[in-house]
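Colleague: Return atomic coordinates for the entry below.
(one chain, ligands or ions: 2)
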Amino acid sequence: MRTFFEESRLEDEDILASSKAIRRCVHCGLCTATCPTYLLLRDERDSPRGRIYMMKSILEEDRAPTREEMKHVDRCLSCLSCTTTCPSGVDYRRLVDHMRSYMESHRSLWERLYRKTLWSVMTKAWRARCLFVLLRWGLGVLSFVPYLRLKTSRVRSLMPRWDLHPMASDVAGVFFAEGEKRGRVLLPRGCVQRVVGAQIHDRVLKLLTWQGFEVIVPEGGCCGALGHHMGYVNESRAEAEHQVRCLHEAEAKYGKVDAVLSHASGCGSVMKDYGALLGSEGGRDYGSRVEDVSFFLSKVGMRGRPRKSLAGMKVVYHAACSLQHGQGFGGVPPDVLSWTGAEVLEMKESHICCGSAGMYNVLQGEIADLLRERKRFYMSSSGGSCVVTGNIGCLLQLSGAEGSLPVCHVAELLYWSGFGERPYSFYSSGLSSKMS
Ligand code: SF4
Ligand code: SF4
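Modeller: Ligands and ions are numbered 1, 2, ... in the order given. Prediction:
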């Protein structure tokens, strides 16, 4: 596709990157076959190709996007399924990221306020905890009125069923390896996951030390992924810079860190991309060391044998988009799940997003619900008894429906099989009693 930017505008790095991305598009339309919003809505403007046309027109004319154009760009999940499919190598991520930050100043005051509040609550664990605790109480009261119960069913479906209290392991510091030491890793705690899935950090930390890794948990929270997803470039850069500083401080104090591990693939995808986000050597170095914890454990191999074999159990693997399309890890983490003895099944349509996508299921509830139902259908027809995933967003999005399969993090399953407590979601599903 040809672009028509004035030379002076191409001095802007973002415009240049977007122009390059647009120019690679040959309008073949192959990406439409794997775009979740196009599959659901069948509107060209909700396909990658249609969005590229719209973004090209807005950027070339350097104008405010119309309400319609904003609607169609906002409906994009940033799942990057189109990037995996595109034979021409269109860097859709750069383009849509640029457009999101471009659109931010053109939103209404109310929209800006709402989005900024959401971002500022979700990226600070203590604020998110207050919100979720209040929501839980409030929703409990509202559910006594049938009409309000129905109206709030979406929000209730996204609430975790377990405790929202912080866990004892949610502290910064150094955690020593058990037995012969195999290496040293950095494990950021994250932000909202510390509230809605505190057990994940706890399980990962215990697994890693049990497996012989010294774990450094730095101070600090959000990695910048949530803000990045919403178009807040400056805010996400500041958060990313903080993470890079944490790595440098950890190395100055404790010595060389072998890998930076992420236990939420949505975060990992952005952390891996710090080089592009920060445009600095520090960012590139950090990004090159980021690994998803399940693939890291697959790579280094699990030491020892599980205390509890899960032989006979069928586990369905849900590949988060941020892992398969964002980080290029398609398929199941090969060795780590089979180490438990469980049979690992892949889900049909595994390349299609479940609708979680950062804050998407809050901001675009209707489409997110349709995608969730589609995914739940494949979950229940998979023949498995539980679903495992590597991303907290997917975990919450797919959990909680009456009669649907329990969903847990890969680390929760490994921890249970290795030496610990079973995944929280198994208790409410009745699976724990069958497997005890
Ligand atoms: S597959 Fe790639 S080249 Fe083809 S229309 Fe989609 S983005 Fe453009
Ligand atoms: S990122 Fe996902 S939703 Fe957005 S255009 Fe690409 S495939 Fe469609």
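
Colleague: Pull up the gap between Lys308 and Gly341, please.
Modeller: Relative to Gly341, Lys308 is positioned 9 Å away (C-beta to C-beta, to the nearest Å). Quick note: C-beta positions are derived from backbone N, CA and C, even for glycine.

Colleague: what's the burial count for Ser88?
Modeller: Neighbour count for Ser88, taken as other C-beta atoms under 10 Å: 13.

Colleague: Which strands or helices does the longest helix that the chain contains pack on?
Modeller: As assigned by DSSP state H, the longest helix anywhere in the chain is helix 233-254. Applying 3 or more C-beta pairs under 8 Å, 6 or more residues apart in numbering; DSSP states H and E, one finds that helix 233-254 contacts strand 183-186, strand 213-217, helix 225-230, helix 265-272, helix 274-278, helix 281-289.

Colleague: mind running it again at 6 Å?
Modeller: helix 225-230, helix 274-278, helix 281-289 (3 or more C-beta pairs under 6 Å, 6 or more residues apart in numbering; DSSP states H and E).

Colleague: how about the strands in the protein?
Modeller: Under the criterion DSSP state E, strands of the chain are mapped to 173-175, 183-186, 213-217, 259-262, 290-292, 314-318, 343-346, 386-389, 407-409.

Colleague: Can you tell me the strand partners of the fourth one and which way each runs?
Modeller: Put plainly, it is strand 259-262. Strand pairing for strand 259-262, determined by DSSP bridges: strand 183-186 (parallel), strand 290-292 (parallel).

Colleague: Show residues contacting it.
Modeller: Val185, Leu186, Leu187, Gly268, Met271, Arg289, Val290, Glu291, Asp292, Val293, Phe296 (C-beta atoms under 6 Å, 6 or more residues apart in numbering).

Colleague: The first one bridge partners, please.
Modeller: Going back to what we said before, that points to Val185. Following DSSP bridges, Val185 is listed with bridge partners Val215, Ala259.

Colleague: Which pLDDT value belongs to the closest residue to ligand 2 within the stretch 251-400 of the chain?
Modeller: For the stretch 251-400 of the chain, the residue closest to ligand 2 is Cys353, as judged by C-beta to the nearest ligand atom, at 6.4 Å. Note on Cys353: pLDDT of 96.

Colleague: What is the neighbour count of the residue nearest to it when sequence neighbours are not counted?
Modeller: Spatially, and ignoring its direct neighbours in sequence, Cys353 is nearest to Cys79 (3.9 Å; C-beta to C-beta, 6 or more residues apart in numbering). For Cys79, the neighbour count with other C-beta under 10 Å is 27.

Colleague: can you give me phi and psi for Cys79?
Modeller: Main-chain torsions, Cys79, degrees, to the nearest 10: phi -80, psi -20.

Colleague: so it makes contact with Ala319?
Modeller: No. In this structure, Cys79 is not within contact of Ala319 by C-beta atoms under 6 Å, at 11.2 Å.

Colleague: What residue, apart from its backbone neighbours, is nearest the residue nearest in space to the middle of the chain spatially?
Modeller: Nearest to the mean C-alpha position of the chain, counting by C-alpha atoms, centre = their mean, stands Gly266 at 2.3 Å. Spatial nearest neighbour of Gly266, chain neighbours left out: Ser322 (4.4 Å); criterion: C-beta to C-beta, 6+ apart.

Colleague: Pretty sure the one you found sits against Ser269.
Modeller: Yes. Ser322 is within contact range of Ser269, at 4.0 Å (criterion: C-beta under 6 Å).

Colleague: how far away is Asp97 from ligand 1?
Modeller: Distance from Asp97 to ligand 1, counting by C-beta to the nearest ligand atom, to the nearest Å: 15 Å.

Colleague: So what's the residue count around that residue?
Modeller: Asp97: 24 surrounding residues under other C-beta under 10 Å.

Colleague: Just give the closest residue to it, not the sequence neighbours.
Modeller: Closest residue in space to Asp97, ignoring its immediate chain neighbours: His228 at 7.0 Å, by C-beta to C-beta, 6+ apart.

Colleague: Can you tell me how far that neighbour is from Lys20?
Modeller: Applying C-beta to C-beta, the value for His228 to Lys20 is 20 Å.

Colleague: what domains does the record give for this structure?
Modeller: 7-106, 305-435 (automatic domain parsing).

Colleague: Could you identify which of those is most buried?
Modeller: When the domains of the chain are scored by mean count of other C-beta atoms under 10 Å, the highest mean neighbour count falls to domain 305-435 (a mean of 20).

Colleague: That domain vs ligand 1: in contact?
Modeller: No. Against ligand 1, domain 305-435 shows no contacts by C-beta under 6 Å from any ligand atom, the least distance being 13.3 Å.

Colleague: ends of stretch 312-320, how far apart?
Modeller: With C-alpha to C-alpha, to the nearest Å as the measure, stretch 312-320 spans 25 Å from end to end.

Colleague: now that stretch: how far from the chain's centre is it?
Modeller: Distance of stretch 312-320 from its chain centroid, counting by C-alpha atoms, centre = their mean, to the nearest Å, is 18 Å.
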